[in-house]
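Asks: A structural model of the following input is requested.
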Amino acid sequence: MSDFTPVSGFDLPRYAGIPTFMRLPLVPLDDPRLNAVQIGLIGVPWDGGTTNRPGTRHGPRALRDASTMMRAQNGSTRLRPFEMVNCADLGDVPPNPASLENSMARITEFYGQVVKAGIRPLTAGGDHLSSLPILRAVAGEPLGFIQFDSHTDLFDSYFDGQRYTHGTPFRRAVEEELLDPKKMVQIGIRGTMYDTEDRDFAKAVGIRIIEIGEFFARGVPDVMAEAREILGTGPSYVSYDIDFIDPAFAPGTGTPEVGGPNTCQALEVVRALSGVNIIGADMVEVSPPFDLGGLTALAGVSVMFELLCVMAEAVRSGA
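Replies: Predicted coordinates for the structure are as follows:
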């Protein structure tokens, strides 16, 4: 048996044992096995950028627990990611709950070690500001970027000029040249608005926004074909906010917006990323205090499993 084989539900009941992401081995950054890992699953238990309902700091723990339900084979694509690449749970980034700036520095430093080891990170957040310090470590060049979300997170500042919140990370990422705006697409955007500042910025720099009405009118295959064309063949990062999904299916989040996709469509959009060179991805904004019966956590880890599958394909293809 490989050192990186998940524990099977046939060997140990899924409610038993110490939970790790998808029942994979825990490989801390100082573990000698680290250099053999190809995709690392990481928790970022931090919500220092939250401006509405808190609780996403508890997301990684709930996602780990729910992830014990993931099995070895994808039921739709038939991929078996744990046999394709070496995967492991790399643990949590230790945040500083008293300092936003120090927490961001800790996240970047942690992911710097992950990238140095040649590992592609798959993250469980945390609020959406978590993506910015991750990108600072992952982006050796301006990356292609696809975001599934109900909000653009492209605002300049909140509350008397505060430039670092979960509503600003991708404005900062473009300004810091971590992302190539011409290779960015945001899908599922909807809800009431403060104003058009975020849309105006997107238009000015060339970010493609596909609002929810267009998404439903065109359908998943057509929308995702355009998304793949925008991303191209270069390295890309995927950021998936759980509030992309309608709150009827994923209520446990800080800023829910009605009128979104169901969980079937939520998985389909990720499967349609097959062939994209994904060098990192995250699932953010799962807030267990607002969840009902673990529905949101289960939806979140189901998306993470789909992301793992398309990332495994990218590693195997040599991308």
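Asks: in the stretch 151-300 of the chain, which spans are strands?
Replies: Using DSSP state E, counting those that start in this stretch, the strands found in the stretch 151-300 of the chain span residues 179-189, 208-211, 236-241, 278-284.
Asks: do you know which of the ones you listed lies nearest Thr50?
Replies: strand 278-284 (10.8 Å; CB to CB). Just so you know, the C-beta spots here come from the backbone N, C-alpha and C atoms, and that holds for glycine as well.
Asks: could you give the angle of that closest one to strand 236-241?
Replies: Here strand 278-284 runs at an angle of 10 degrees relative to strand 236-241 (axes from the mean of the first three to the mean of the last three CA atoms, to 10 degrees).
Asks: Renumber starting at 176 from here on
Replies: Got it, first residue is 176 now, which makes that one strand 453-459.
Asks: Contacts for strand 453-459, please.
Replies: 219, 231, 234, 238, 295-303, 305-306, 309, 313, 318, 410-417, 475-476, 478-479, 482, 485-486, 489 (CB atoms under 8 Å, 6 or more residues apart in numbering).
Asks: same thing but at 6 Å, please
Replies: By CB atoms under 6 Å, 6 or more residues apart in numbering, the residues outside strand 453-459 that reach it are 295-301, 303, 306, 313, 410-416, 475, 478-479, 482, 486, 489.
Asks: Would you give the sheet partners of that strand, along with the direction of each?
Replies: Strand 453-459 pairs in its sheet with strand 295-300 (parallel), strand 411-416 (parallel), by DSSP bridges.
Asks: Return the last one as CSV; C-alpha atoms alone will do.
Replies: What it means is strand 411-416. Output of strand 411-416 as CSV, limited to C-alpha atoms (Å, rounded to 0.1, in the frame of the first residue of the first chain):
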residue,chain,number,x,y,z
SER,A,411,-4.0,29.1,-13.8
TYR,A,412,-5.4,29.4,-10.4
VAL,A,413,-9.0,28.5,-9.4
SER,A,414,-10.8,30.3,-6.6
TYR,A,415,-14.2,28.9,-5.6
ASP,A,416,-16.4,30.8,-3.1
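Asks: Would you mind pulling the contact partners of it?
Replies: Here strand 411-416 has contacts from 303, 306, 318-324, 451-453, 455-460, 478, using CB under 6 Å, 6+ apart.
Asks: Count the residues that sit near Asp331.
Replies: Neighbour count of Asp331, defined by other CB atoms under 10 Å: 14.
Asks: The spatially closest residue to it that is not a sequence neighbour and Gly363: what is the separation?
Replies: In this structure, Asp331 finds its nearest non-sequential neighbour in Arg346, 5.8 Å apart by CB to CB, 6 or more residues apart in numbering. Computed as CB to CB, to the nearest Å, the Arg346 to Gly363 distance reads 18 Å.
Asks: More neighbours: those two, which one.
Replies: Set Arg346 next to Gly363 and count neighbours by other CB under 10 Å: Gly363 wins out with 30 against 22.
Asks: ok, now which ones touch that one?
Replies: By CB under 6 Å, 6+ apart, the residues touching Gly363 are Phe323, Asp324, Ser325, Ile387, Phe419.
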